[in-house]
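1. Sequence isn't available, so here's the structure alone:
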């Protein structure tokens, strides 16, 4: 709800200032059926990830999340007819390898746990978690399709606001189903408990922590969507994967309210491998071959 209100307010302001034109809004509104599907995919994917993540060892989650990259490349290949050369495939593989390197400290510290007796359940929920990213990749590719089919360069907020409203609508419709899978509370009790937390009744750090998260995450989403508009869904995903080792490094610092995690050289190694993969994927754009002169 907060994202939908924020993005809609910014869109209204930018429309009043002339940054967003009527033709932009007409194009976006002509794709409302796609936004409905985007909202549905986002809601179902989020619910499936919450439902399955609690049954998966923590060390596996960042590994399984890398299924988003091949799913994104597949959806771009078949929906947008995007072609990837051998070098780009190697670069994408290096990015996945770099993230896997970052998870080595988690496995070595025993976060995987003793789960031999529940291996079938881990396989089951890991499959659900991984496959949910197919929906995430699909809705990212649909947003890229909307940008590509626009007669002019779309304003990011024109897409963000409509996508957020669609997600809010489907989140509200599917809330009872989501709660039945992920929580022991009923809808009314869940909302009352959530409001108590957000209002600061149960914590002196609220609602400032929530507002800070919304601001930072909103900026991150806008930057990702701008990159998706100017490049592609796969490029936006590759850039966001840089956050994995950087986040691990940040948690090694004495951040207030958080217990510092031990620093590991694997974080730096993983960051180096990811950066190498991103550079390799974009090699032709960064270092275009010289054009032949007559």
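-> Yep, that arrived. Owing to the predicted nature of the structure, the values given are computational and were not obtained by experimental measurement.

2. shaky segments in this protein?
-> For the chain, the stretches with pLDDT under 70 are 57-60, 63, 103-119, 181-188, 190-191, 231-233, 235-251, 255-263, 285-294.

3. Grab the nearest non-local neighbour of residue 102.
-> Closest residue to residue 102 apart from its sequence neighbours, by Cβ to Cβ, 6 or more residues apart in numbering: residue 270 at 3.6 Å. Every residue, glycine included, has its C-beta placed from N, CA and C.

4. Residue 213: what's it in contact with?
-> Residues near residue 213 by Cβ atoms under 8 Å, 6 or more residues apart in numbering: none.

5. That one in helix, strand or coil?
-> Secondary structure, DSSP: H, G, I helix; E, B strand; the rest coil: residue 213 is helix.

6. where's it relative to residue 221, distance?
-> For residue 213, the distance to residue 221 equals 12 Å [Cβ to Cβ, to the nearest Å].

7. And residue 253, by the same measure?
-> Distance from residue 253 to residue 221, counting by Cβ to Cβ: 24 Å.

8. What of residue 14?
-> Distance check for residue 14 against residue 221: by Cβ to Cβ, it reads 16 Å.

9. returning to what we had before: between residue 253 and residue 221, which has more neighbouring residues?
-> More neighbours surround residue 221 than the other of residue 253 and residue 221, with 16 against 10 (other Cβ atoms under 10 Å).

10. Let me know whether the more buried one touches residue 160 as I believe.
-> Yes: here residue 221 reaches residue 160: they are 7.0 Å apart, a contact under Cβ atoms under 8 Å.

11. ok, residue 139 touching residue 35?
-> No: if you go by Cβ under 8 Å, residue 139 and residue 35 don't touch, sitting 9.6 Å apart.

12. which residues does residue 32 contact?
-> Applying Cβ under 8 Å, 6+ apart to residue 32 gives the contacts residue 162.

13. Thank you kindly, that will do.
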